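Trainee: Predicted model and sequence below, questions to follow.
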Amino acid sequence: MQLTDEQMSATDEAKQLICELCHTFYQQGWVGGTGGGMSIKANNLIVMAPSGVQKERMIPADMFVLDKEGNVLIDPIARPAPHKPPKLSECSPLFMAAYELRGAGAVMHSHSLNAVMATLLDPSATEFTVTNLEMIKGIAGHGYYDNCTVPIIENTARECELTDRLRQAIKSYPKSQAVLVRRHGVYIWGNTWIQAKTQAECYDYLFESAIKLRSLGIDASKPSASAPTAVANVAASKGALHNGHAPNRHIDAERPYKRHKGQAQDAPQVVVLDIEGTVAPISFVYDVMFPFAKKKLQSYLEKNWDTAEMRREVQELLAEAKLDSTLVGAKDVASPDTATAISGIVKFVGELMQQDKKLTILKTLQGHIWQEGFASGELTADLFHDVQPAMAAWLSQGLKTYIYSSGSRQAQKNLFGYTSMGDLRGLLSGFFDTSSGAKVDASSYGNIALSLSVDKPSQILFATDSILEAEAAATAGWQVALTVRPGNKPLPAQHSFRIIHSMQELVEPF
């Protein structure tokens, strides 16, 4: 194939870069013994290093050029003996998976010993996780306090046989920029060769750190015992901005406040958090998540219509439709015609969402759709920036944190598993939804208290933006704080609850 002048220039530069990078990676012990590989996208073409050659001694003429579907356009010319004839890397289909599924600009494969050892820290683990390490910040979409998680897939005799496993791992871990292969190495990508190289170096640092910390008896997947607390204290003492808004500490945090009647002064043993308006902006729920569920509902129904689970859910919807047959679509839910029934469900569920009904079946359906959205990378949870450091601090202090939301437990797990700050599920001890009871009923809080490791309800501290939920929890004997966040509805002028503007203020008075 004849390349254009622009394509020739771009591929020539990529060929030279691969030679330089592989020489650097050889010196780091990542591509020794002809192992490993590198590829770079250049003007919508892919330049790829050959297989089975001394990576540190490659020259630009050794490179293959492929189209965006992975078809070879230009073969390198064979060099005289003792060089082997050029062979397309067995990594090729794995590299192409990252180009296709992640829109990568460069992909590399390393046989780093640190990567191999990282897969053996727990030989049965399906993922590698570290947190509270500085180099996490070098991984796209991650910060110091995040859980940086890399999926681990099992090795096969030949690399090309790994393709299906690697593709599934890429789909299942949308925040990860790498996939580990047990007892083999790691595949890493980036939007550009610069980002791919940077992330390869950062990941290797994190793998090595986890290995060395383990030798000291420290689990790198657990938050630091002191750093998060220090951060929380410094932020509080300086009146740090929380999600762009400074807490009004002079008015709310430092003044004495009247406890709600029945609230005791026990130090909390457990923290329970609401979601909307407390840890996540209300706008994210109503402007992002609800519209996403509504948009995807019909395709979700069509795809899963014949499954046993969907049949059960349709029966629950039918029961709700009979209770409120005046809503649009309610009468069509029972139609024997599939297309009519699906259309009716879409309209009926849309009405329920419009009225913000707290029905378990509605939340279950939404949860299924959101789960697919988070897993595909179409959704990423937007939490207030003070939430993760606060939860890490509470964990280091021995406090357990739970979530109580009208959203299903699965939806809650997905929301905290796919946040802009990483996977935060490791900071949480459990999830409660309306299967425990309505959030405005005191009995619901009594039911939840029975499931928590406390001697009395007053050892539970609850944060919510809803005055009705606050009153119900207080009636059940819980301690309560009302959250004031940007976009929340104004609170009543007269109430007896403590006000907080940040999660870092929640446990301060104790």
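Mentor: Arrived safely, thanks for sending.
Trainee: for the stretch 51-200 of the chain, what spans make up the helices?
Mentor: Remark: helices assigned in the stretch 51-200 of the chain by DSSP state H, counting those that start in this stretch are 92-102, 113-118, 163-172, 193-215.
Trainee: which strands and helices sit next to the second one?
Mentor: Where contact means 3 or more CB pairs under 8 Å, 6 or more residues apart in numbering; DSSP states H and E, helix 113-118 is packed against strand 185-190, helix 193-215. All C-beta atoms are positioned from the backbone trio N, CA, C, and that covers glycine.
Trainee: hang on, the earlier thing: just put the helices of the stretch 51-200 of the chain in JSON lines and tack on mean pLDDT and mean neighbour count.
Mentor: Output for the helices of the stretch 51-200 of the chain, formatted as JSON lines (pLDDT from 0 to 100; neighbours: other CB atoms under 10 Å):
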{"stretch": "helix 92-102", "mean pLDDT": "93", "mean neighbour count": "21"}
{"stretch": "helix 113-118", "mean pLDDT": "97", "mean neighbour count": "21"}
{"stretch": "helix 163-172", "mean pLDDT": "91", "mean neighbour count": "18"}
{"stretch": "helix 193-215", "mean pLDDT": "96", "mean neighbour count": "20"}
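Trainee: Contacts only, for the nearest residue to residue 11 once chain neighbours are set aside.
Mentor: Of all residues not flanking residue 11 in the chain, residue 42 sits nearest, at 4.8 Å (CB to CB, 6 or more residues apart in numbering). By CB atoms under 8 Å, 6 or more residues apart in numbering, residue 42 lies in contact with 7, 10, 11, 13, 14.
Trainee: roughly how far is the strand or helix carrying residue 38 from the heart of the chain?
Mentor: Residue 38 is part of strand 37-42 when elements are defined by DSSP states H and E. Distance of strand 37-42 from its chain centroid, counting by CA atoms, centre = their mean, to the nearest Å, is 27 Å.
Trainee: Let me know the angle separating that strand from helix 193-215.
Mentor: 150 degrees (axes from the mean of the first three to the mean of the last three CA atoms, to 10 degrees).
Trainee: Export strand 37-42 to CSV, keeping only CA atoms.
Mentor: The C-alpha trace of strand 37-42 is given here as CSV (Å, rounded to 0.1, in the frame of the first residue of the first chain):
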residue,chain,number,x,y,z
GLY,A,37,6.1,-5.3,22.8
MET,A,38,5.1,-1.8,21.8
SER,A,39,2.7,-0.2,19.3
ILE,A,40,1.8,3.4,18.5
LYS,A,41,-1.1,4.9,16.6
ALA,A,42,0.1,7.2,13.8
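Trainee: looking just at contacts, which helices and strands does the helix or strand that that strand is followed by meet?
Mentor: Following strand 37-42 in sequence order, the next helix or strand is strand 45-48 (DSSP H and E). If you count contacts as 3+ CB pairs under 8 Å, 6+ apart, strand 45-48 packs onto helix 5-27, strand 37-42, strand 64-66, helix 92-102.
Trainee: quick one: strands adjacent to strand 45-48?
Mentor: strand 37-42 (antiparallel), strand 64-66 (antiparallel) (DSSP bridges).
Trainee: Do a quick rundown of the strands in the stretch 201-350 of the chain.
Mentor: 270-273 (DSSP state E, counting those that start in this stretch).
Trainee: where do the helices sit along it?
Mentor: Using DSSP H, counting those that start in this stretch, helices in the stretch 201-350 of the chain cover 227-237, 282-284, 290-304, 308-323, 338-354.
Trainee: Now residue 495. Nearest residue, chain neighbours left out?
Mentor: residue 467 (6.1 Å).
Trainee: Name the SS class of residue 482, please.
Mentor: strand (DSSP: H, G, I helix; E, B strand; the rest coil).
Trainee: does it have beta-bridge partners, and which?
Mentor: residue 464, residue 499.
Trainee: got a list of what it touches?
Mentor: Taking CB under 8 Å, 6+ apart, one finds 463, 464, 465, 467, 470, 491, 495, 497, 498, 499, 500 in contact with residue 482.
Trainee: gap between the second one and residue 497?
Mentor: It stands for residue 464. Taking CB to CB, to the nearest Å as the measure, residue 464 falls 9 Å from residue 497.
Trainee: okay, those two: which has more neighbours?
Mentor: residue 464 (25 against 21; other CB atoms under 10 Å).
Trainee: Would you mind confirming that the more buried one makes contact with residue 472?
Mentor: No. Counting by CB atoms under 8 Å, residue 464 does not reach residue 472; the two are 9.5 Å apart.
Trainee: how about TSV for the helices of the stretch 51-200 of the chain, with distance to residue 454 added?
Mentor: Below are those laid out as TSV (distance: least, CB to CB, whole Å):
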stretch	distance to residue 454
helix 92-102	45
helix 113-118	38
helix 163-172	36
helix 193-215	33
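Trainee: Flag the shaky bits of the stretch 351-500 of the chain, pLDDT-wise.
Mentor: Low-confidence regions of the stretch 351-500 of the chain, defined here as pLDDT under 70, do not occur.
Trainee: Cool, thanks, talk later.
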